[in-house]
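> Predicted coordinates and the sequence they were generated for:
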Amino acid sequence: MFSYRHAFHAGNHADVLKHTVLIATLDHMLEKDAALTVVDTHAGAGLYRLDGDYADTSGEASQGVLRLLAPPPPAAPPKKGAPPKAEVPLAGAIARYLEVISDFNPKGGAKVYPGSPFVTQHLLRDHDRLKLYELHPTDGRTLAANIAQLDAGRQIAVLNEDGFGSATKFLPPPSRRALVLCDPSYEIKSDYARVLDFVDGALKRFATGTYAVWYPIIPRPEAHDLPRRLKTMATKAGKSWLHATLTVKSSKITTTPTGETRRPGLPASGMFLINPPYTLKAQMAAALPQLAERLGQDRNATFSLDAGG
Ligand code: SAM
């Protein structure tokens, strides 16, 4: 069975990118009255405590959402004679992400971090539907217990099943409006190929659905190939696409003077969307430079944004 537990990673830079894109996409899709179905193929536990044991052990949120919540570092003083730099307001998509986080933390801070199921449920209306897949038995049980507290009735289904397996059965939904979030842990190398097969099959069943895939940017050929192949798939199907990446540090493995090997942890990740909202590109163009600046850990911090179709 898998050892990946999202609780160690909740609120890290990858979650910030993923959930910022998710919220911007949902906000746009929920402007229309017709019911929306959201399928979350890899849901995790749903809700996390950032002051709990898991998050404390990894400290990843301190380099992610908690950095965004902290006041920005003071701007360097202007050069002699130059006018003072005007303060740049927070990009709308980041402000909206922080607004959602604060809805879960009315007393401020981010003790509670909502994963994709809770972010989504928070935004959905009564007539929308949410299908959550989580295969890990412990996280599946925690997710079911967390969701039960919402008393959401038929609005939410929790399935302790393989998200790559049967999730396409919900496509197309009766209203023909759906967002599919595919966010595996990529613990198993075959996840990369399974994502491609899954999106290919889903697109064939429901060509006008919106598909959002998160992936890690790590030195592994499969990770490098995934966005390239998704782009080919979207282009061949005549569909629009958007690809956003955020890098916070170098991916180099270093050796300390005492000979210890230091692995950098996840340096970067990307979101690839097929049939994205037409508004998303402009929103991410404003948000990504600010995310790279605020979450960057060394001079390799950067971003990219590309779209087509
Ligand atoms: N989407 C979540 C969020 O944004 O809060 C995080 C999900 S986490 C990156 C990936 C999850 O997928 C893990 O909880 C893992 O147990 C689960 N998982 C792994 N393989 C799976 C599969 N084949 N089907 C469903 N869930 C799976």
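Alright, I've got the coordinates. Residues are numbered from 1 along each chain as shown.
> Just the closest residue of the stretch 101-250 of the chain to the ligand, please.
Closest residue of the stretch 101-250 of the chain to the ligand, C-beta to the nearest ligand atom: Gly115 (2.6 Å). Heads up, the C-betas are built off the backbone N, CA and C, glycines and all.
> right, and that residue touches Ala43 too?
Yes: Gly115 is within contact range of Ala43, at 7.1 Å (criterion: C-beta atoms under 8 Å).
> Compare those two (neighbour count), which wins?
Ala43 (29 against 26; other C-beta atoms under 10 Å).
> SS state for the more buried one?
coil (DSSP: H, G, I helix; E, B strand; the rest coil).
> can you tell me how far it sits from the ligand?
Distance of Ala43 to the ligand, given as C-beta to the nearest ligand atom, to the nearest Å: 6 Å.
> For that residue, give me the pLDDT.
pLDDT for Ala43: 98.
> again, but for Ser304
pLDDT, read off for Ser304, is 98.
> To which secondary structure element is it assigned?
In this structure, Ser304 is located in strand 302-308 according to DSSP states H and E.
> packing partners for that strand?
helix 221-236, strand 241-247, helix 280-295 (3 or more C-beta pairs under 8 Å, 6 or more residues apart in numbering; DSSP states H and E).
> Report the inter-axis angle for the last one versus strand 302-308.
Right, helix 280-295. 170 degrees (axes from the mean of the first three to the mean of the last three C-alpha atoms, to 10 degrees).
> chain center to helix 280-295: distance?
Distance of helix 280-295 from its chain centroid, counting by C-alpha atoms, centre = their mean, to the nearest Å, is 14 Å.
> Tell me the buried residues in it?
For helix 280-295, a neighbour-count test (16 or more other C-beta atoms under 10 Å) marks 280-281, 283-284, 287-288, 290-292, 294-295 as buried.
> Output the residues you listed as TSV; include the columns pLDDT.
Below are the buried residues of helix 280-295 laid out as TSV (pLDDT from 0 to 100):
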residue	pLDDT
Leu280	98
Lys281	98
Gln283	98
Met284	98
Ala287	98
Leu288	98
Gln290	97
Leu291	98
Ala292	98
Arg294	96
Leu295	97
